[in-house]
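> Prediction below, plus the sequence it came from.
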Amino acid sequence: MALITEKPMAVFDLEQIVRGDLIWGRHSSWKEGKAGFVTSATEEQLIIQYYPGMGNVTNHFRILINEVRNGQWDIRWSADLKSIQEYNAKEDCKQQGTGGEEVDDSGRINL
């Protein structure tokens, strides 16, 4: 019996999305999405800062990898607004017939 096992794990691909990228995200519980910019990007979560529409105030929301993997987020992002990337887990599930994400050999989720 092995003491240590290795499991592939879904993580954000930090070559695809980085701090400073513009992003739009809509959680499945929200009526409308929110646009902002990535202030922190780790393999487990993205932190997005956005303007909530009140004076000189900003707010933030988190996009967790487990929620993305479970199909709870629609996401669009861009580094330069010339090319816009999109990730919709529900459509991805239909196209691939799988759990909704592509996982490469290193275990990273490709958004």
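Thanks, I have it.
> how about the helices in the protein?
Assigned by DSSP state H, the helices in the chain fall at 65-69, 89-96.
> any idea which of those scores lowest on pLDDT?
Ranked on mean pLDDT, the bottom entry among those is helix 89-96, at a mean of 58.
> Give me the longest strand you can find in the protein.
Ordering each strand of the chain by length in residues (DSSP state E) puts strand 34-41 first.
> helices or strands up against that strand?
Strand 34-41 sits against strand 22-27, strand 45-50, strand 59-64, with contacts defined as 3 or more Cβ pairs under 8 Å, 6 or more residues apart in numbering; DSSP states H and E. Bear in mind the C-beta positions are built from the backbone N, C-alpha and C, glycine included.
> For the chain, which residues score under the pLDDT cut-off?
Across the chain, residues meeting the criterion (pLDDT under 70) sit at 1, 89-111.
> How far away from the center of its chain is stretch 4-18?
Distance of stretch 4-18 from its chain centroid, counting by Cα atoms, centre = their mean, to the nearest Å, is 12 Å.
> From the opening residue of it to its closing one, how far?
Distance between the two ends of stretch 4-18: 32 Å, counting by Cα to Cα, to the nearest Å.
> buried sites along that stretch?
Going by neighbour count (16 or more other Cβ atoms under 10 Å), the buried part of stretch 4-18 is 10-13, 16-17.
> which one among those gets closest to Q45?
Q45 has its nearest neighbour among these in F12, at 7.8 Å by Cβ to Cβ.
> and that closest one, how far is that from L3?
Using Cβ to Cβ, to the nearest Å, F12 is found at 29 Å from L3.
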